[in-house]
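Q: Give me coordinates for this.
(one chain, ligands or ions: 2)
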Amino acid sequence: MKLPTHVRIVDVGPRDGLQNQSEIVPLDAKIKLVEMLADAGVPSVEAGAFVSPKWVPQMADTADVMRKITRKPGVSYPVLVPNMKGYEAARDSGCEEVAIFGAASETFSEKNINCSIAESLNQFAPVAEAAIADGIRVRGYISCVLGCPYEGDVSPEAVVNVARALDGMGCYEVSLGDTIGTGTPGKAQDMIAAVAKDIPTDRLGAHFHNTYGQALVNLLAVMQMGVAVIDTAVAGLGGCPYAKGASGNVATEDVLYMLDGLGIETGIDMDKLLAASRFISTTIGRAPASKVGLVKLGADITS
Ligand code: HMG
Ligand code: MG
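A: Ligands and ions are numbered 1, 2, ... in the order given. Model prediction:
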C-alpha cells in the first residue's frame, strides 16, 4: 500500500467544531483550546470565522481569539472569511492565513452564505487578491463534494469547476469537504481523481465529516492517491449549522491513532491531544465523539 510518509493535520475543532455548539463557549476556553492543540504539535489550528454574528453567534469573538492567543512559532491559525468585510476584520486582528469557502452545490451555497456559487466566487476573488497582496495565505474550501443535504448526489465535475476557480484565485491548497459525511471510498477516490487533473494531490486537503462512520476509510482511500493534508476536529466536535444532521469532522485522536499505526509522521503527541480533547469535552459537557477519546478518557468524562 503506497501512502504518504508525512501528513499535515489541520485541526478545525475550534471553528468547525464549536460553530455548531448552541451554548456559547467562553472566550478563555476557546483560547485555551487553540493553544493546547498547538502545544500538542498540531501544525495548523483553525481558530475561528469572520462571518456574520447573526448567522453564527458562536464565532462572534474570533477577533478576540486571534488577538489573545499566544502563537507558537511555525503554527498556522487560519480563519474563515466569506467576503471583504470578513477579510478586513481578519487582517486587522493579525491573521496570517484566511480560508474562503465555496460549495459544489447551489442550494447549499444559498443556505450557507446566502448567494449562488457564481456570486460567491465573485466575492472571494477580491478577498484572495487583497490577502495575497497583504502577504496573507489563502486556503480554499469546497463543501458538499460527496453529497448535499438538499440536492443529494453531487458530480465530480461540479467540484472540479469550483476547485479550478479557487486555484485560479491563488489558493495554496483546496480542502475538499464531505460536509454531511455520506461519501464512501470509491466515490472519494473518483472525486479526487477528477480534481487532481487540475490540481496536484499534494495541494489538496481531505475534510471529511464522520456522519456515517466512513471518514477513516475514505481518508485511507484518498491518502493512497497522494492526499497528505487532513482536516480533523479534536474530540470529533461539531457539524455544520447549514447541513442538518451532519455530525462532526473525523476526530483528530482517531486519525492520529490510524496514522501512528501506519508509521505516518504528524508531529502530534497523543497524550497532549487527549488532554485537549478532555478539556473541551469537559467545557461543553459532552463526551468526546472519538473512539480513542472514549477508550482513553471514558464516556463519563463530563460527570
Ligand atoms: P448576508 O445576510 O447575505 O450578508 O450574509 P449581507 O452582506 O447582506 O450583510 C448582512 C449583515 O451581515 C450586515 O449587518 C453585514 O454587515 C453583516 P447588519 O447591517 O444587518 O447589521 N456581515 C458581516 N458581519 C461580520 N462578518 C462578515 C459579514 N458579512 C456581512 N464577514 C454572509 C452573508 C456570508 C455574511 C452570511 O451568510 C454568513 O455569515 N454565513 C455564515 C456561513 C458560515 O459560517 N457557515 C459555516 C462555515 S462553512 C462550513 O462549515 C463548511 C466547511 O467546514 C467545509 C465542509 O465541511 O464542507 C468549511
Ligand atoms: Mg466542515
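Q: from memory V160 sits against V195, does it?
A: Yes: between V160 and V195 there is a contact at 5.7 Å, judged by CB atoms under 8 Å. Bear in mind the C-beta positions are built from the backbone N, C-alpha and C, glycine included.
Q: more neighbours, those two?
A: V195 (24 against 20; other CB atoms under 10 Å).
Q: show me what contacts N218?
A: 178, 183-185, 188, 206, 208 (CB atoms under 8 Å, 6 or more residues apart in numbering).
Q: change it to 6 Å
A: N218 sits next to 183, 185, 188, 208 when contact means CB atoms under 6 Å, 6 or more residues apart in numbering.
Q: Please apply the same query to T266.
A: 7, 9, 259.
Q: List only those of those flagged as buried.
A: 7, 9, 259 (16 or more other CB atoms under 10 Å).
Q: quick check, nearest of the contacts of T266 to ligand 1?
A: Taking CB to the nearest ligand atom as the measure, ligand 1 sits nearest to I9 out of the contacts of T266, at 15.2 Å.
Q: before we move on, what SS does the closest one have?
A: strand (DSSP: H, G, I helix; E, B strand; the rest coil).
Q: Tell me the pLDDT of it.
A: Model confidence at I9, given as pLDDT, is 98.
Q: Please tabulate the buried ones among the contacts of T266 in JSON lines, including the columns distance to ligand 1.
A: Listed next are the buried ones among the contacts of T266 as JSON lines, based on distance: CB to the nearest ligand atom, whole Å:
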{"residue": "V7", "distance to ligand 1": "19"}
{"residue": "I9", "distance to ligand 1": "15"}
{"residue": "L259", "distance to ligand 1": "21"}
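Q: List the contacts of A276.
A: 36-37, 40, 234.
Q: For the residue in the chain positioned nearest to ligand 1, give me the backbone phi and psi.
A: Residue of the chain nearest ligand 1, by CB to the nearest ligand atom: G177 (2.3 Å). Taking degrees, to the nearest 10, you get phi -100, psi 120 for the backbone angles of G177.
Q: Bridged to it, which residues?
A: Assessed by DSSP bridges, G177 has beta-bridge partners H207.
Q: you'd agree it is up against S143?
A: Yes: counting by CB atoms under 6 Å, S143 is a contact partner of G177 at 4.5 Å.
Q: For burial, what's the neighbour tally of the nearest residue to A49 once chain neighbours are set aside?
A: Spatially, and ignoring its direct neighbours in sequence, A49 is nearest to L80 (3.7 Å; CB to CB, 6 or more residues apart in numbering). Residues lying near L80 (other CB under 10 Å) number 25.
Q: One more: the one 3 residues further on?
A: Applying the criterion other CB under 10 Å, we find 18 residues in the vicinity of N83.
Q: give me every residue that touches it.
A: Neighbours of N83 in contact, by CB under 6 Å, 6+ apart: Q123.
Q: do you know how far it is from A235?
A: Plainly put, N83 is 30 Å away from A235 if you go by CB to CB, to the nearest Å.
Q: do H207 as well
A: 17 Å.
Q: Comparing those two, which residue is more hemmed in?
A: Neighbours were counted for H207 and for A235 using other CB under 10 Å; A235 has more, 32 against 25.
Q: V227 against G205, yeah?
A: No: look at V227 against G205 with CB under 6 Å: they stay out of range, at 7.2 Å.
Q: and the residue nearest to the spatial centre of the chain, what does it touch?
A: Geometric centre of the chain, nearest residue: V12, 4.3 Å, by CA atoms, centre = their mean. Counting by CB under 6 Å, 6+ apart, V12 touches 46, 231, 233, 249.
Q: If we use 10 Å, what do you get?
A: Contact analysis of V12 by CB atoms under 10 Å, 6 or more residues apart in numbering lists 18-19, 44-47, 78, 80, 99, 141, 175, 177, 207, 231-234, 237-238, 248-249, 252.
Q: do D16 as well
A: 10, 46, 49, 80, 141, 177, 179, 207, 209, 231-233, 237-240, 248-249.
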